[in-house]
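Trainee: predicted model follows, preceded by the sequence.
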Amino acid sequence: MCIALIGGMDRLGKHYLEEAQRAGVKLQFFSTSENNIAAKLKKADAMVIFTNKVSHRVKIEAMQVAKANNIPVLMEHACGVCTFRNCLQCLANNCH
């Protein structure tokens with residue numbers, strides 16, 4: 001499974017990757033706006049968006065990709081490692 005994490009803090013990137021590895025998940029981490037992010041997001045099986053660390057434009061673009069490709073999305077305001085861990089558990093239990 002490949003999860004796209006949109007938002008979050010650069011300094012926690014290593015910790016997000018460690019949590020994803022523990023859960024047996026491949027992680028794509030987008031902490032800043034990137035060119036052609038929509039094409040990269042289409043490959044994800046699920047998305048986690050940390051809304052306090054992402055622009056409205058990127059959130060809207062991600063939601064459009066998710067809707068068009070039937071990709072489940074979890075949105076959280078907090079961007080801590082614990083929040084990400086909870087999102088991984090939720091996705092594993094199909095509670096999205």
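Mentor: It's in. Numbering: from 1, shown residues only.
Trainee: what ranges do the helices span in this protein?
Mentor: 13-22, 37-41, 56-69, 81-92 (DSSP state H).
Trainee: nearest to Ile6, of these?
Mentor: Taking C-beta to C-beta as the criterion, helix 56-69 is the member of the helices of the chain that comes nearest to Ile6, at 5.4 Å. Using the backbone N, CA and C atoms, a C-beta is placed for each residue, glycine as well.
Trainee: before we move on, back to that, least reliable of the helices of the chain by average pLDDT, please.
Mentor: Among the helices of the chain, helix 37-41 carries the lowest mean pLDDT, a mean of 90.
Trainee: from the middle of its chain, how far away would that one be?
Mentor: Its chain's average C-alpha position is 12 Å from that of helix 37-41, according to C-alpha atoms, centre = their mean, to the nearest Å.
Trainee: what comes up buried for that helix?
Mentor: By neighbour count on 16 or more other C-beta atoms under 10 Å, the buried set for helix 37-41 is 37, 41.
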